[in-house]
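Visitor: Next comes the sequence, and after it the predicted model I'd like to discuss.
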Amino acid sequence: MTNWQISDEEKLLKQSAEEFFREKLPVSSLRYMRDRNDQVGYSPEIWKEMAELGWTGILIPEEYDGLNFGLRGLGVVLEAAGRTLSPSPLFSTVLLGGTILQAEGSESQKKKYLPAIAGGKLLLAVGTEEGLHHGSQKIEASARREGEGYRLSGQKKLVLDAQSADKLVVLARTGEGERSALSWFIVDRQAPGVTTKTFRLIDGRLGCHLELHNVSVPAENLLGFEGKAAASYQLLQDAGAAGLAAEMLGSATAAFEMTLAYLKERKQFGVAIGSFQALQHRAAHMYCELEVSRAAVQKALSAYDSSDPKRSLYASLAKAKVGQVFEHVARECLQLFAGIGMTDEHVIGFYLKRSRIATELFGNNAFHRDRYASLVGY
Amino acid sequence: MLNEFRKEVRSWLEENCPPTMRTPMSEKEIVWGGRNAKFPHPDAKVWMDRMAAKGWTVPEWPRVYGGGGLNPQETQVLREEMQDLGCRLPLNSFGIHMLAPVLMKYGTEEQKLEHLPKIARGEIRWCQGYSEPESGSDLASLQMRAEQTADGFLLNGSKVWTSYAEESDWIFCLVRTDTTVPKQQGISFVLVDMNQPGVKAEPILLISGNSPFCEVFFTNVKTPKNNLVGRLNGGWEIAKALLTHERQWISGMGLTEEEPIENYIKSKMGADAEGRLLDLAFRDKLTHFHLDSAAFELTLERETALQKAGHSPGAASSIFKLYGTELNKRRYDLIVEAAGFDALSWEGEVSAVDHVKTRTWLRTKGNSIEGGTSEIQLNVIAKRVLGLP
């Protein structure tokens, strides 16, 4: 049973997170980073503050210095971050890195890495993608045994925050076959043979491709059992999809709210344009879609935390539904802001650009529709 | 405590629910009650009467009004056990879903004691007199007159789109009791016994070939003073409250499908060995529908949980009415599209199941019209929820 009530703790978290991102990382900070061609991708000072608030340890059990607040807790923070499109390693390090380390890490690996994540002292980037879409092709990056360790070679696309990460978590092939041959490795970003190619994403953030040339990885940096990464990869897909859906919901809701305010203040023909029924109905449609999306997101996060057997189904539902709604809302909002919305000066364009990026990450809408249909059984 | 109750419920249901009442129910088998109640199966009456005697046709109502006096947790237990055994809903009616909630809130104690137990026992069937030939979306412009007389009201005018008026015993009506004030301020909410001269119901044939709706004519019909609900000229508030319940009820329709639609669709369109639909374009369209429908069901689930915790439904019901009915139309669009030629015949040739689907497809087109059109719901959301001018 999903608890639909928002607890007092969650309310408090939501309030403080929204306030935090509004003050510390508004959309203007993203623009600022873009315009001065920042090459780090986040603000280390603000990241430190986020760690002090405990958000870096939100998924991590208390025995490893975390808050153990679950994906639902992290979802609250991600949604708030999404409202202002705030760039931070929250998704890459806390959600993706933290999820894999908790799922696959040995006791000594957990002791080494989890408290460091919780303390905001370790940044991770997780490399899984190789094609132009999530899951569009077989994993080719390979790890072959050599002596006591492994040699990794291959390429990974759009590894979020790889440019500034301390460690990379890489999915590589350790044998033939589809699902039986994948393994996780922790790779030092500074290791010889690791190349990062940083570039500007359309929404102003940094993107980063990764190349691995015969990179030496000691055996102790294998995460989990060799060839057994399939289950945790699926877990990561679900966590990633649900967490992104929460962030996207925040972005879409904020875009809608600013557009709604504009409909009330912008005057043409001597009246507020929000008095026109054609526009009212479009706004009402968006509102309904956002409400319906919110339930799907809440369910996906809760299902993840409770290890619901339908966890993957709900993750795909949330990602596909919110993906479609965010793209729709972003397009509608730009049209409603009209001329001013086309200018770089206005923020709404950033939301449109973010909707494109977030939709492609961790499975686009078509990917999750297909996954959903397969899971339902047609 | 609750476990104890669950056991009791279970054994009572096992003992009292006839096996014939534990199978999926078609629309024709719904029991509506009333003076001329029809029971497609004699067990349906047995089942209704047994449940009514326990107060479980309306488990949450207080016992004095014919209910079971159960708290929300117990009601949930009863629902779960009924679902688990496949027990049919013993009684369904406009009385339960529309009139009762407003009588509970606005009725006098005398009115509640008079009408609620008869609704609970399925003795009286109610219909709703809202729309008029000249008052559709602009409901408040309604013209049916109720003149005050010494002992009550004299009614003249007509109501339209009155569901099942022919089979109903009583009607709750919105009537004009003051023509000199702004339209919303001159409306009253009255209850009328239809079993009297001057009331005439004429069925309207719909595109689906059925006549679930009537036009009802009132010529010098009398109703006593104690059948006024709320205050004189205070009917509009009640009308809106009732519409809220009606919208929520309608939005939940179609969620109780007998079987998942993909099974029917597969039987018409074919699937591979793993059950995947062969027509991939159609499969994707079906998935679009399913995503919306699943997210909507979760939204309803959340809203129900929050309402139990004390949130009021208010304008949210407009969202549900809008979204739920549009989904139901899409559901049947997909069904007839999947059925292809099998969904084209008006009668004969194809199976009864196919005919029901086709006729239902036509009928669902009215879902986004009745109870306030989708466009009216969008207006309500824009103004009342979003605060647009």
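Guide: Structure received.

Visitor: Could I get the full set of strands for chain A?
Guide: Using DSSP state E, the strands of chain A run over A:124-127, A:142-146, A:149-156, A:167-173, A:182-188, A:194-200, A:206-217, A:222-223, A:267-268, A:271-272.

Visitor: In JSON lines: those, plus mean neighbour count, distance to residue A:282 and mean pLDDT.
Guide: Backbone N, C-alpha and C define where each C-beta goes, glycine included. Formatted as JSON lines, the strands of chain A follow (neighbours: other Cβ atoms under 10 Å in any protein chain shown; distance: least, Cβ to Cβ, whole Å; pLDDT from 0 to 100):
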{"stretch": "strand A:124-127", "mean neighbour count": "28", "distance to residue A:282": "38", "mean pLDDT": "98"}
{"stretch": "strand A:142-146", "mean neighbour count": "16", "distance to residue A:282": "50", "mean pLDDT": "94"}
{"stretch": "strand A:149-156", "mean neighbour count": "20", "distance to residue A:282": "40", "mean pLDDT": "97"}
{"stretch": "strand A:167-173", "mean neighbour count": "25", "distance to residue A:282": "42", "mean pLDDT": "97"}
{"stretch": "strand A:182-188", "mean neighbour count": "23", "distance to residue A:282": "45", "mean pLDDT": "97"}
{"stretch": "strand A:194-200", "mean neighbour count": "14", "distance to residue A:282": "32", "mean pLDDT": "97"}
{"stretch": "strand A:206-217", "mean neighbour count": "19", "distance to residue A:282": "32", "mean pLDDT": "97"}
{"stretch": "strand A:222-223", "mean neighbour count": "22", "distance to residue A:282": "48", "mean pLDDT": "97"}
{"stretch": "strand A:267-268", "mean neighbour count": "10", "distance to residue A:282": "16", "mean pLDDT": "97"}
{"stretch": "strand A:271-272", "mean neighbour count": "14", "distance to residue A:282": "15", "mean pLDDT": "98"}
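
Visitor: which stretches of the chain form helices?
Guide: By default, I'm working from chain A. Ranges of helices in chain A, per DSSP state H, are A:8-24, A:27-35, A:44-52, A:70-83, A:98-104, A:107-118, A:230-265, A:277-305, A:311-337, A:348-360, A:365-376.

Visitor: oops, chain B please
Guide: Ranges of helices within chain B are B:2-16, B:42-54, B:72-85, B:94, B:100-106, B:109-120, B:235-252, B:261-269, B:280-308, B:316-339, B:352-364, B:374-380, based on DSSP H.

Visitor: rank these by pLDDT, which is bottom?
Guide: Note on the helices of chain B: helix B:235-252 shows the lowest mean pLDDT, a mean of 83.

Visitor: got a list of contacts for that helix?
Guide: Applying Cβ atoms under 8 Å, 6 or more residues apart in numbering or on different chains, the set of residues contacting helix B:235-252 from outside is B:97-99, B:101-102, B:105-106, B:128, B:130, B:139-140, B:172, B:174-175, B:177, B:184-185, B:187-190, B:229-230, B:300, B:313-314, B:317-318, B:320-321, B:323-325, B:367, B:370-372, B:377.

Visitor: how about a cut-off of 7 Å?
Guide: The contact list for helix B:235-252 (Cβ atoms under 7 Å, 6 or more residues apart in numbering or on different chains) reads B:97-98, B:101-102, B:105-106, B:140, B:174, B:184, B:187-189, B:229-230, B:300, B:313, B:317-318, B:320-321, B:323-325, B:367, B:371-372.

Visitor: Nearest spatial neighbour of the closest residue to chain B within the stretch 51-200 of chain A, chain-adjacent residues omitted?
Guide: Ranked by Cβ to the nearest Cβ, the top residue of the stretch 51-200 of chain A for proximity to chain B is residue A:72, at 13.7 Å. Of all residues not flanking residue A:72 in the chain, residue A:301 sits nearest, at 4.3 Å (Cβ to Cβ, 6 or more residues apart in numbering or on different chains).

Visitor: isn't that neighbour right next to residue A:246, touching?
Guide: Yes. Counting by Cβ atoms under 7 Å, residue A:301 does reach residue A:246; the two are 6.5 Å apart.

Visitor: got the residues of the stretch 51-200 of chain B near chain A?
Guide: Nowhere does the stretch 51-200 of chain B come near chain A, counting by Cβ under 7 Å from any Cβ of the partner chain.

Visitor: Residue 277: how many residues sit nearby?
Guide: Let's take chain A. Counted by other Cβ atoms under 10 Å in any protein chain shown, the residues lying close to residue A:277 total 13.

Visitor: that's the other chain; I wanted chain B
Guide: A count of nearby residues for residue B:277, using other Cβ under 10 Å, gives 21.

Visitor: same thing with the one 5 residues further on?
Guide: With neighbours defined by other Cβ under 10 Å, the count for residue B:282 comes to 16.
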